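Engineer: mind looking at a prediction? Sequence and model below.
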Amino acid sequence: MAACWYCKTKKGKRYCAPIDNLLCPGCCGENRLKKIDCMEDCRYLEGVAFQKKREDEKAFSKLLESVPHGQYDDIFHDLGVAFMAGEIEAFVRDIYVAGNIRITDQIVYESYKRIYQIYFNNHPPEEGLDEFTQELMKFYSSHISLWKFNMERNKIGQVFLRLMISVKKMSGDRFGEFGYLNYLKNNLGNMNSKGQFIAEDKFGNKMLRSIQD
């Protein structure tokens, strides 16, 4: 039997559709609804826990909607925002490409969310934060002084919310759990003059897409 996708040490006994791989029971229980965007009909989920997660996500979605991200009012048009977002996404891309820390779009999404909640929504840090979130927190601490020089605190928080919107737009469906990460790998710093970028689906097929798609 194949090894668990997460820990690589125990046998993967449970098939996880969002990741399209096998997990051991321990990793399934530890990561479901936190680092995995679980399907509602998953046999290993408890209905109450799933409903609470969905309610929390719905409330947070209203906050995301308040961040300008349309064609003409996108906060990415602000040079300070674009610079900060580019630094964060380059950091994420390098971790993904190196492969030393196993991440998916959902893990990145949740880490962006935790950074926002800890530093901009007065949530105390959780115990046992995953390795990627810890590294992102270190990156935040080493760059926040420069970001504050360019932008006010509220705008810095909005950058993390705007990045979460990007993850949601580029992940799932045919692009699987790595759509956003593959976007960073293939395009960061290389978008062509026509506003096109390389999209990579979960089967490794690549195609040109427009930002307006």
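Structural biologist: Now that the structure is in, tell me what you want to look at.

Engineer: worst-scoring helix or strand of this protein, pLDDT-wise?
Structural biologist: Of the helices and strands making up the chain, the lowest-confidence element is helix 47-65, at a mean of 76, by mean pLDDT, DSSP states H and E.

Engineer: from residue 117, how far out is the closest residue to residue 181 other than its chain neighbours?
Structural biologist: In space, and not counting its chain neighbours, residue 181 is closest to residue 96: 4.7 Å by Cβ to Cβ, 6 or more residues apart in numbering. Bear in mind the C-beta positions are built from the backbone N, C-alpha and C, glycine included. Look at residue 96 and residue 117: by Cβ to Cβ, to the nearest Å, they are 23 Å apart.

Engineer: and the strands in the chain?
Structural biologist: Secondary structure of the chain (DSSP state E): strands located at 14-16, 21-23, 196-200, 206-210.

Engineer: direction included, what does the second one pair against?
Structural biologist: So the one you mean is strand 21-23. Strand pairing for strand 21-23, using DSSP bridges, gives strand 14-16 (antiparallel).

Engineer: average model confidence for the partner strand?
Structural biologist: Averaged across strand 14-16, pLDDT comes to 92.

Engineer: next: stretch 139-151.
Structural biologist: Rounded mean pLDDT across stretch 139-151 is 95.

Engineer: can I get that stretch as CSV, trimmed to CA atoms?
Structural biologist: Only the C-alpha atoms of stretch 139-151 are listed here, as CSV (Å, rounded to 0.1, in the frame of the first residue of the first chain):
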residue,chain,number,x,y,z
PHE,A,139,8.8,36.3,6.5
TYR,A,140,6.2,38.7,7.7
SER,A,141,8.2,39.8,10.7
SER,A,142,11.3,40.4,8.6
HIS,A,143,9.5,42.5,6.0
ILE,A,144,6.8,44.4,8.0
SER,A,145,8.9,47.5,8.6
LEU,A,146,9.4,48.1,4.9
TRP,A,147,5.8,47.5,4.1
LYS,A,148,4.7,49.9,6.9
PHE,A,149,7.0,52.5,5.3
ASN,A,150,5.1,52.2,2.0
MET,A,151,1.5,51.6,3.2
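
Engineer: now that stretch, how far from the centre of its chain.
Structural biologist: Stretch 139-151 sits 20 Å away from the centroid of its parent chain (Cα atoms, centre = their mean, to the nearest Å).

Engineer: that one: which residues count as buried?
Structural biologist: 139-140, 147, 151 (16 or more other Cβ atoms under 10 Å).

Engineer: stretch 169-186 now?
Structural biologist: 170-172, 175-185.

Engineer: coming back round to it: neighbour-wise, which of residue 96 and residue 117 wins?
Structural biologist: Higher neighbour count among residue 96 and residue 117: residue 96, with 22 against 17, using other Cβ atoms under 10 Å.

Engineer: tell me which stretches of the protein form helices.
Structural biologist: For the chain, the helices defined by DSSP state H cover 25-31, 47-65, 79-98, 105-120, 131-150, 153-170, 179-187.

Engineer: quick one: residues contacting residue 2.
Structural biologist: Residues near residue 2 by Cβ atoms under 8 Å, 6 or more residues apart in numbering: 11-12, 22.

Engineer: give me the distance between it and residue 46.
Structural biologist: Taking Cβ to Cβ, one finds residue 2 at 26 Å from residue 46.

Engineer: nice, that's everything, thank you.
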